[in-house]
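K.L.:
Provided below for reference: sequence and predicted model.
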Amino acid sequence: MINFPVLQRVKVSNFALYAGTDAQPGLDHCFVPGVNVIVGINGLGKTTLLTMLLRALSGAVDVPGDDELGDKRRRIVPVDRFWFRKRAPDDAVNAQVTIWFTLGDHHFEVTRSLANLDVVELSVDQQPFPASRGVEMEAAYREQVMTASGLSSFEDFVFLLRYIVFYLEDRRSLVWDAAAQGDVLGILVDELGERRGQYVELFNELLSKDSEYRNVHAVVYKRRKEFNKQTSTIEGGQLERLVQLIEERGKDMKALVARKNESAQTRDQLREQIENRRQEIHDGRSALATQLNSFYESFFPQLDSPARYLLAHFEAGAGCLVCGTQTPEATERVVAKLYMNTCPVCGSPIEKGHRPTNDPHAGEAIEHQRAAITAAEIDLAAMEQPLRDAEQDYSSAAAELVSITSQRISLEGQLKALGDNLPNVIERRNELNNTLLTFEAALNQLEVERIELAGKFRELTEAIDQEVRAVSGQIEQAFAKYIRGFLAEQCEIKYTPRVRRLGQRANTDLFTFPHFIPALTSGVHRNITTVREAGQSVSESQKEFIDLAFRMALLEFAAPSAPTMLILETPESSLDSVFVPRAADLLRRFATRSDNARETRLIASSNVNREQMIPALFGAYPDKRFYGQVVDETPSEMPPMIPVEERASHVLDLLTVAVPTRALERFRTAYEEERDQAIYPDVPQDSPQI
């Protein structure tokens, strides 16, 4: 299982922005389980502090780019390690940040210099590491993080921080970045990291081959132009035979290229059709299971929901949920017993017998559904051999292309042997031709290598697709639960894998990448959800909340019974007044987990304002009309309100810790009154508890 970092404490010393108080200089705060609110106003360093928490965990590296991940190589890239230094008048020479956090059962204490983000001190499970150079300390820290998190690389740790744990101003889109989704989902389903390292290596190699191929192709094009210009001036017939043979080999090469391209087109079309049939079968079986469940509800009314689900799942062709068998013989035995009113498990007679379903056509509809699935399976089976033939023809053409290229190089060698008695222009022509053929041979060799890499990579992507498909229902359900707290419109996500190429070349292999696509209703389409392929197809606030709900769903899926953490800048500015308590209740529900997940923490920054997000996060929202409506629960089912006497421990007050801005100096009394009203809306302002 993957372990997510859970912050317990942060301490910032000698950093000018967080001066602290006379009694307690600097910033030193413990994050408690549940909701933690960083309270401030503009200019007090809320974003700076959250960025500091990110860099304390990741160091001076980040995911590449601030837009879609796309076809960028899968690696972390350096960031400005002097970012905090530029924000301090003394260059943060002596400034440090220390964080205490857990990864599973392991406890970390890490101190970094804010002048350059080097690791200064490191302790794991109360065992300090000896001080050494920054590079060595960083390497030790990364190794310990990989071991404790259960991830295959530190790069994956940074990916999860950026795309799931942290939701900051410079947040990276996840829902509408198909490439980022593919990587994150691949990390989450590959719990032991057995395939992840190979996946990243092959992904990067394929991109390198694509770039190298395009570079060599540009050289070949240039050399070809020079060669054609040179040969246009040559006269005489001494080289006629060799030139003729070379031209014949050239025609052979063109024919092979055409054959290879045609095979590639046929292969890609078949792959796309196969994927469509697989999706059709998957959807058909899901629909059949639903119909069978309803059928059994009336057929065997004494059965409870789980029993009906087991029978429906088995008869739908998805196999036994206990042992996984999918053999026709097993299905036939179960169906026979059901029609004989005999329990398929113990063999006892079913007391009430079978009675017809309320819908007299239900059985007919089920058989039609079965027939549609069978037809799709037959189509799928019929496509397998043509696909193998197309792939074999493609590989054969590529191999023949390499052989023909070698023959052409040999002929050019003979041509050069005759060049001693020819004019210098002929010698130059031969040299140009040899160079050209060498590059063309290299070009074809690159293509052969790419084909081999693509085959290995496809095996991985198909395996990951199947694993994500198997758990897609869990993720879709978790998302549905969370999104209802943010949006009134009906919103859902559906697992719809993306088929795309890697690199910038056309007519290359297509690969399947896991991907969920959102769909939601609108004022125009009230009764049906429409797919939103791009982020521009929804409002900015909807985009934010769909992305946030997806992250929360992935955290719940990846760590259903373990503590997690979500760090965000609260989105109250994007909410209307009705949805402030709904969103806050939802965030509080995520943070208030039980059993082994009770150490989960939500760390949210919020301005002191009258949006009521802060009191709503504490469960103290004064307007109870919308309380407890996250997923239509009654108020008693919601997490309890944080008691007045405990709220101070849930607040990091930057009005007290940070160096005051001019606005705070001028209006401190008003700001502090607003802060107290936000934290303690249910306590009179003159109460000694404030």
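P.N.:
On my side now, so go ahead. Note that the structure is a prediction, hence the values are computed from the model and not measured.
K.L.:
Low-confidence ranges, the stretch 151-300 of the chain, go.
P.N.:
In the prediction, the stretch 151-300 of the chain carries residues with pLDDT under 70 at positions 191-194, 226-244, 295-300.
K.L.:
at 80 what do you get?
P.N.:
For the stretch 151-300 of the chain, the stretches flagged by pLDDT under 80 are 172, 190-197, 212-214, 216-247, 288-289, 291-300.
K.L.:
quick one, strands of it?
P.N.:
Using DSSP state E, counting those that start in this stretch, the strands found in the stretch 151-300 of the chain span residues 166-167.
K.L.:
just the helices in it please.
P.N.:
In order along the chain, the stretch 151-300 of the chain carries the following helices (DSSP state H, counting those that start in this stretch): 154-160, 178-189, 196-231, 240-299.
K.L.:
For Ala399, find the nearest of these.
P.N.:
Among these, the nearest to Ala399 by C-beta to C-beta is helix 240-299 (9.5 Å). C-betas here are computed from N, CA, C, even on glycine.
K.L.:
Quick check: Ala448 touching Ala399?
P.N.:
Just to correct that, residue 448 is Val rather than Ala. Yes. Between Val448 and Ala399 there is a contact at 7.0 Å, judged by C-beta atoms under 8 Å.
K.L.:
With mean neighbour count added, can I get the helices of the stretch 151-300 of the chain in TSV?
P.N.:
Listed next are these as TSV, based on neighbours: other C-beta atoms under 10 Å:
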stretch	mean neighbour count
helix 154-160	23
helix 178-189	23
helix 196-231	16
helix 240-299	17
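K.L.:
which strands and helices sit next to whatever helix or strand Glu431 lives in?
P.N.:
Using DSSP states H and E, Glu431 sits in helix 424-483. Packing partners of helix 424-483 (3 or more C-beta pairs under 8 Å, 6 or more residues apart in numbering; DSSP states H and E): helix 178-189, helix 196-231, helix 240-299, helix 362-417, strand 491-495, strand 511-513, strand 516-520, helix 540-558.
K.L.:
State the mean pLDDT of that helix.
P.N.:
The average pLDDT within helix 424-483 is 83.
K.L.:
so that helix versus helix 540-558, what angle?
P.N.:
On the basis of axes from the mean of the first three to the mean of the last three C-alpha atoms, to 10 degrees, helix 424-483 is oriented at 80 degrees to helix 540-558.
K.L.:
now helix 424-483 against helix 178-189, angle please.
P.N.:
Using the same axes, to 10 degrees: helix 424-483 against helix 178-189 is 60 degrees.
K.L.:
And the pLDDT for Val32?
P.N.:
At Val32, the model reports a pLDDT of 97.
K.L.:
again, but for the one 4 residues further on
P.N.:
Here the pLDDT value assigned to Asn36 is 97.
K.L.:
Can you check my assumption that it lies in a helix?
P.N.:
No. Counting by DSSP: H, G, I helix; E, B strand; the rest coil, Asn36 is not found in a helix; it is strand.
K.L.:
burial of Thr374, as a residue count?
P.N.:
Neighbours of Thr374 under the rule other C-beta atoms under 10 Å: 13.
K.L.:
pLDDT score for it?
P.N.:
Reported pLDDT for Thr374: 86.
K.L.:
From Val175, how far out is it?
P.N.:
From Thr374 across to Val175, the span is 35 Å (C-beta to C-beta, to the nearest Å).
K.L.:
swap in Glu275?
P.N.:
Glu275 sits 21 Å away from Val175, going by C-beta to C-beta.
K.L.:
For the stretch 451-600 of the chain, give me the ranges with low pLDDT.
P.N.:
Counting by pLDDT under 80, the stretch 451-600 of the chain has low-confidence residues at 484-489, 503-508, 521-529, 533-541, 570-583, 585-586, 594.
K.L.:
separation between Ala519 and Arg532?
P.N.:
The value you get for Ala519 to Arg532, if C-beta to C-beta is used, is 6 Å.
K.L.:
Looking at these two, which is more packed in?
P.N.:
Between Ala519 and Arg532, counting by other C-beta under 10 Å, Arg532 is the more crowded of the two (20 against 17).
K.L.:
Please list all residues in contact with the closest residue to His217 other than its chain neighbours.
P.N.:
In this structure, His217 finds its nearest non-sequential neighbour in Leu443, 6.1 Å apart by C-beta to C-beta, 6 or more residues apart in numbering. Shown in contact with Leu443 (C-beta atoms under 8 Å, 6 or more residues apart in numbering): 213, 216-217, 220.
K.L.:
which pair in these spans the largest distance?
P.N.:
Farthest pair in the contacts of Leu443 (C-beta to C-beta) is Tyr213 and Val220. Separation: 10.2 Å.
K.L.:
Perfect, I'm done here.
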